[in-house]
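*Asks:* Structure of the sequence below:
(chains A, B and C)
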Amino acid sequence: MATEVLTPVRPASRQEEFGALYARIQQFYAHQMQLFDDHDAERWAGTFTGDAVFVVPTLDEPVRGRAALAANVRRNRIQQERSGEQLRHWIGMLDVRPQPDGTLRTRAYALVYATPRGGESRVSRVCVLEDVLVRTRGKWRTRSRLVTRDDLALAAASAA
Amino acid sequence: MATEVLTPVRPASRQEEFGALYARIQQFYAHQMQLFDDHDAERWAGTFTGDAVFVVPTLDEPVRGRAALAANVRRNRIQQERSGEQLRHWIGMLDVRPQPDGTLRTRAYALVYATPRGGESRVSRVCVLEDVLVRTRGKWRTRSRLVTRDDLALAAASAA
Amino acid sequence: MATEVLTPVRPASRQEEFGALYARIQQFYAHQMQLFDDHDAERWAGTFTGDAVFVVPTLDEPVRGRAALAANVRRNRIQQERSGEQLRHWIGMLDVRPQPDGTLRTRAYALVYATPRGGESRVSRVCVLEDVLVRTRGKWRTRSRLVTRDDLALAAASAA
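*Replies:* Numbers count the residues shown, from 1 in each chain, chains lettered A, B, ... in the order given. Here you go, the predicted structure:
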């Protein structure tokens, strides 16, 4: 085995800044996903920038801007009221990469759990989520989101 | 799209305090859930305040205080030794909201995975957990917990 | 109920250090698991120390060192290209315990989700992961890993 030479670690202050950032982004996703699952259309759309682009394979074309994002949540609400199924979106394995321009790139796993009223819960979908986040008016928001679904993958994607 | 005016973000020190708090609460839930799944009744009950109230739809009435909480875990242990099933409780999408009175309100998703010995794992339940946490004797503890199960929901709950 | 005497909490600076550490370890696992699921054999092996030992019940004997770890990932890649199934490894309920010698002991839950191309996702395995992490060349790395699977458990393990 190679001898491992110890070199200085990043200064503690930088570590703490990353810690604060990482927690903030976890809190951001927790809030964003809870709003989505509760069909809180306007507040959910407010966690995106005004010019946000959302690409997801179940929609024919990218969703652009808050009005279109909110409309999409309202459609989900109607569908789920009919189906009686509660969805829960769950983010994990969150990789946060600060960029030189001040934005963040994140890559995370996203699970969707579905529970019919009176029925058994199941894992509905396994996805990978790739976001660009920007800080506007003191808050982090999603500027772009690309969601890929494992069941629709044509070939194994490689990590960025 | 609206023009977005940049305003000052919260001071870095406040961000770092939140980061420290958020990590501490994640560690708290990790520890608490592991104790629960390992049927470590007394230590699990010790993660609640002495006057804690625990409301969960599978129990007929609220559980109050550590002795009752611990008794409940001992009942779980006996049941699971009979059934041969290992449960794992999993918290995610953790939203942490510090309150002016020094308590914390959290709202998170809670999943339960069940694995029979020699059998296939499954998602057993999808829940929402709402806690009030207080810091006593240098540690965060749960003072109240309300668990709602997606399969038993009568209507879509709205986010707080 | 016992009277609860308030004693001083740990100094804020210690709390913030723990916050920074906890976030760093979450980011470490997110990165490590994404590399594993993307079959990035060499980079994944680089998240372990040169002398790492990996014990998992599905392998007949412990895997030792980076070359053996990487070879294992390449075998997984071939298997999954044949089966057309995408796996996702997911860590949660992460309990991080700094040790007096500067290492970290972690105990966490690990879930494996499997998705066949064009098919339905499922929870494939529920595991407990116990790591020793060390900081070498400015980065945290796994020095030892013990994985236990809930379906293969002979008896309920007790928490450390």
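*Asks:* Only C-alpha atoms from now on, for both contacts and neighbour counts.
*Replies:* OK.
*Asks:* and the helix or strand hosting A:Glu81, which residues are buried?
*Replies:* Using DSSP states H and E, A:Glu81 maps to helix A:66-83. Residues of helix A:66-83 classed as buried: A:66, A:68-70, A:72-74, A:76-77, A:80 (neighbour count, 16 or more other C-alpha atoms under 10 Å in any protein chain shown).
*Asks:* who touches stretch A:63-76?
*Replies:* If you take C-alpha atoms under 8 Å, 6 or more residues apart in numbering or on different chains as the criterion, stretch A:63-76 is touched by A:36, A:39-42, A:44-46, A:48-55, B:1.
*Asks:* Apply 6 Å and report the result again.
*Replies:* Stretch A:63-76 is touched from outside by A:39, A:41-42, A:45, A:50-54, with contacts defined as C-alpha atoms under 6 Å, 6 or more residues apart in numbering or on different chains.
*Asks:* ok, now stretch A:26-34?
*Replies:* Residues outside stretch A:26-34 that contact it (C-alpha under 6 Å, 6+ apart) are A:89, B:93-95.
*Asks:* residues in contact with the closest residue to A:Pro98 other than its chain neighbours?
*Replies:* Spatial nearest neighbour of A:Pro98, chain neighbours left out: A:Leu104 (4.5 Å); criterion: C-alpha to C-alpha, 6 or more residues apart in numbering or on different chains. Residues near A:Leu104 by C-alpha under 6 Å, 6+ apart: A:97-98, A:132-133.
*Asks:* circling back to that earlier point, identify, from the contacts of stretch A:63-76, the entry nearest to B:Leu152.
*Replies:* A:His39 (18.6 Å; C-alpha to C-alpha).
*Asks:* Give me the pLDDT value at the closest residue in space to A:Gln80 that isn't next to it in sequence.
*Replies:* Distance criterion C-alpha to C-alpha, 6+ apart; nearest residue to A:Gln80, sequence neighbours excluded, is A:Gln86 at 6.9 Å. Predicted confidence (pLDDT) for A:Gln86: 96.
*Asks:* would you say A:Gln86 is within a helix?
*Replies:* No: assigned with DSSP: H, G, I helix; E, B strand; the rest coil, A:Gln86 falls outside any helix and is strand.
*Asks:* quick one: it from A:Met33, how far?
*Replies:* Per C-alpha to C-alpha, to the nearest Å, A:Gln86 is found 13 Å from A:Met33.
*Asks:* Neighbour count: those two, which is higher?
*Replies:* Legend: neighbour count by other C-alpha atoms under 10 Å in any protein chain shown for A:Gln86 and A:Met33, higher for A:Gln86 (22 against 17).
*Asks:* Would you check that that one makes contact with A:Thr115?
*Replies:* Yes: counting by C-alpha atoms under 6 Å, A:Gln86 touches A:Thr115, with 5.2 Å between them.
*Asks:* between the two, what contacts are shared?
*Replies:* Shared contacts of A:Gln86 and A:Thr115, defined by C-alpha under 6 Å, 6+ apart, are absent.
*Asks:* Pretty sure A:Leu35 sits in a strand.
*Replies:* No: assigned with three-state DSSP, A:Leu35 falls outside any strand and is helix.
*Asks:* Tell me who's in contact with it.
*Replies:* Remark: with contacts taken as C-alpha under 6 Å, 6+ apart, A:Leu35 is in contact with A:Trp44.
*Asks:* Over to A:Gly119?
*Replies:* Here A:Gly119 is in contact with B:Asp151 (C-alpha under 6 Å, 6+ apart).
*Asks:* Assign it to helix, strand or coil.
*Replies:* A:Gly119 carries the three-state label coil when classified by three-state DSSP.
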